[in-house]
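[1] Build me a model:
(one chain, ligands or ions: 1)
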Amino acid sequence: MTPAEIRVTGLTLAHARRPAVHHVSGRFAPGSLTAVVGPNGAGKSTLLRALAGLHRPDGGRIEGAAGQVALLPQAAALDRAFPIACLDVVLFGLWAETGPFRAISRAGRERARAALAAVGLSGFESRPVGSLSAGQFQRLLFARLLLQDAPVILLDEPFNALDAKTAAELLALVHRWHGEGRTVIAVLHDLELVRREFPETLLLARDCLGWGPTAEVLTAANRLRARMMAEAWAEEAEACGRRDAA
Ligand SMILES: Nc1ncnc2c1ncn2[C@@H]1O[C@H](COP(=O)(O)OP(=O)(O)OP(=O)(O)O)[C@@H](O)[C@H]1O
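    Just a heads-up that it's a prediction; the model follows:
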């Protein structure tokens with residue numbers, strides 16, 4: 001498992017021309033385990049989506065991510081009412097290998113069953129996703145990630161609303177991926193968890209307020225700056241590029 005370095009340079013990401021991420025530069029080293037933290041609205045999910053190729057940069061660039069990324073989106077962003085069985089959700093993890101029109105091989109199905117077993121969902125193959133609890137659904141999405149087998153794994157609030165046992169088991173998977181040499185980047189709000197489990201941290205408040213070893217980034221001074229920046233955000237903040245357009 002040899003992921004490439006991911007480098008972002010002067011990265012600006014906007015929604016309706018309002019910057020959600022502003023002139024961020026830095027690198028995710030191959031095989032690093034990084035927490036992305038910051039206040040609500042700091043641009044964390046937007047950054048992850050851009051790393052996954054789902055949001056085109058409005059300024060600057062991202063290098064090294066294309067074709068090697070698997071994304072776990074925020075659970076709230078997903079439609080669980082869709083009538084589909086658990087095994088089929090996991091099989092979507094093979095999409096990059098099989099493409100849209102090729103049949104899934106028997107080996108592919110076995111891998112999907114093994115992934116379900118690895119997250120404690122043996123016997124759930126035919127269950128409709130709508131019948132799962134929040135924790136079971138998150139386990140299912142981790143099974144899909146297992147099948148994707150990507151060198152870079154992006155997790156958006158992976159432990160939200162989980163009981164301690166489920167969170168611990170999914171955290172163990174994160175450490176397994178890190179141990180295998182994958183690059184893992186996770187958006188998190190629990191700073192105690194970040195301090196305990198994540199060696200690197202990117203502190204985002206639209207601008208980058210710190211990026212490096214967690215103890216050096218999560219200082220009281222940096223956290224205060226992040227809070228102050230969040231309080232100063234105004235909906236009427238200048239739209240990206242507006243000055244150029246004037
Ligand atoms: N699809 C969208 N359309 C318009 N604005 C958006 C969209 N998605 C996000 N934003 C805005 O971009 C900013 C950053 O949002 P983002 O979801 O990236 O923040 P976040 O740090 O992940 O927040 P949270 O911790 O609350 O999940 C916010 O001001 C948000 O309202």
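
[2] okay, CA-based contacts and neighbour counts for the rest of this
    Noted.

[3] Pull out the buried positions in the one helix or strand residue 91 maps to.
    Per DSSP states H and E, residue 91 falls inside helix 86-91. Applying a neighbour-count criterion of 16 or more other C-alpha atoms under 10 Å, one finds 86-91 buried in helix 86-91.

[4] Show me the domain layout of this protein.
    Domain assignment for the chain by automatic domain parsing gives 1-68+151-159+180-246, 78-149.

[5] These: lowest mean pLDDT?
    Lowest mean pLDDT within those: domain 78-149, at a mean of 86.

[6] which parts of the protein sit against the ligand?
    Proximity of the chain to the ligand, by C-alpha under 6 Å from any ligand atom, involves residues 15, 20, 39-46.

[7] Would you map the helices across the protein?
    Secondary structure of the chain by DSSP state H: the helices cover 44-51, 86-91, 95-98, 106-118, 134-148, 164-179, 191-197, 214-217, 220-232, 242-245.

[8] just to revisit the earlier point, just send the domains of the chain back as JSON lines, with distance to residue 167 too.
    JSON lines is the format used below for the domains of the chain (distance: least, C-alpha to C-alpha, whole Å):
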{"stretch": "domain 1-68+151-159+180-246", "distance to residue 167": "6"}
{"stretch": "domain 78-149", "distance to residue 167": "9"}
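
[9] ok so, going back, ok, and the most crowded of the residues of the chain next to the ligand?
    Greatest neighbour count in these, by other C-alpha atoms under 10 Å, goes to residue 44: 26 neighbours.

[10] Isn't that one up against residue 202?
    No. Taking contacts as C-alpha atoms under 8 Å, residue 44 lies outside contact range of residue 202: 9.5 Å.

[11] joint contacts of these two?
    Shared contacts of residue 44 and residue 202, defined by C-alpha atoms under 8 Å, 6 or more residues apart in numbering, comprise 36-37.

[12] Could I get the contacting residues of the residue lying closest to residue 119 once chain neighbours are set aside?
    Leaving aside its sequence neighbours, residue 119 sits nearest to residue 139 (C-alpha to C-alpha, 6 or more residues apart in numbering; 5.7 Å). Residues near residue 139 by C-alpha under 8 Å, 6+ apart: 119-121, 166, 170.

[13] Also residue 51?
    Residue 51 neighbours (C-alpha under 8 Å, 6+ apart): 62, 65-66, 69.

[14] The helix holding residue 91 packs against which elements?
    If you count contacts as 3 or more C-alpha pairs under 8 Å, 6 or more residues apart in numbering; DSSP states H and E, helix 86-91 packs onto helix 106-118, helix 134-148.

[15] buried set for the longest one?
    Residues of helix 134-148 classed as buried: 134-148 (neighbour count, 16+ other C-alpha under 10 Å).

[16] With that, I have no additional questions.
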